[in-house]
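# give me a model of this one.
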Amino acid sequence: MTIADDKATARKAAFQRRAQADPAVAETANFHLLTAIRALSGTCVSAYWPIRTELDPRPTLTELLPTHALCLPVVQKAGQPLVFRHWDPDTPMIEDAFGVFIPEPETNAVPDILVVPMAAFDAQGYRLGYGGGFYDRTLAALRDSGTATAIGFAYEIQRCASVPRETTDEKLDLIVTETGIHRPA
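Below is the predicted model of the structure:
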């Protein structure tokens, strides 16, 4: 088996676990996410617009409106890092080719805090995403040009013993679930 096969197998199991998560814990998870972000020194926060059964970070974004610039990630094309567009509740949204809602106006931003979705994560701070490598490329580029804090946001049920990883996989700085704020080992 290749690492790609290992990731595909782990991803399938992770999606099955995530589908069993209790959405009632989302409020507690968002409380911990807000606490984690407010403890950091960054002023521009990127989060994701949730799809499928992802944990929804939008309640945290709403709370951050008075104190932080906010943005959402946008896929440019395969093999490229993400770009980020400013967002607030009045921003017109359009659906992209992946079925993800993104800000329509192309007003770009550079986040210093990124709330990252994931299929699975481990205690070492590695995440398993959807397989496109977008966040890994993006985090590598942002970290090369300055500082960027990556916060994985997920249900605790998405934790696994070990995420299959490659040398290009970027480590998360924090992981936030309904059980609290976790620092990688």
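
# quick one: buried residues of stretch 12-19?
Going by neighbour count (16 or more other Cβ atoms under 10 Å), the buried part of stretch 12-19 is 14-15, 17-18. C-betas here are computed from N, CA, C, even on glycine.

# how many other residues sit next to Ile102?
Per other Cβ atoms under 10 Å, the neighbour tally for Ile102 reads 20.

# quick one: secondary structure of it?
strand (DSSP: H, G, I helix; E, B strand; the rest coil).

# next step: the buried residues of stretch 12-19 restricted to strands.
With strands identified by DSSP state E, none of the entries of the buried residues of stretch 12-19 belong to them.

# check these and tell me the two furthest apart.
Within the buried residues of stretch 12-19, Phe15 and Arg17 form the most distant pair, 7.4 Å apart (Cβ to Cβ).

# closest to the centroid, which residue in this protein?
Val116 (1.0 Å; Cα atoms, centre = their mean).

# residues touching it, list them.
48, 127, 129, 135, 150-153, 172 (Cβ atoms under 8 Å, 6 or more residues apart in numbering).

# repeat that for Glu156.
Counted by Cβ under 8 Å, 6+ apart, Glu156 has contacts 25, 177-179.

# for Thr91, same thing?
So Thr91 contacts 103-105 (Cβ under 8 Å, 6+ apart).

# cutoff 6 Å now
Counting by Cβ atoms under 6 Å, 6 or more residues apart in numbering, Thr91 touches Pro103.

# what about it, which SS state?
Assignment for Thr91 (three-state DSSP): coil.

# against Thr179, how distant is it?
Between Thr91 and Thr179 the computed distance is 32 Å (Cβ to Cβ, to the nearest Å).

# same check, this time on Ala185
Distance from Ala185 to Thr179, by Cβ to Cβ: 16 Å.

# pLDDT of stretch 78-94, averaged?
What stretch 78-94 shows for mean pLDDT is 94.
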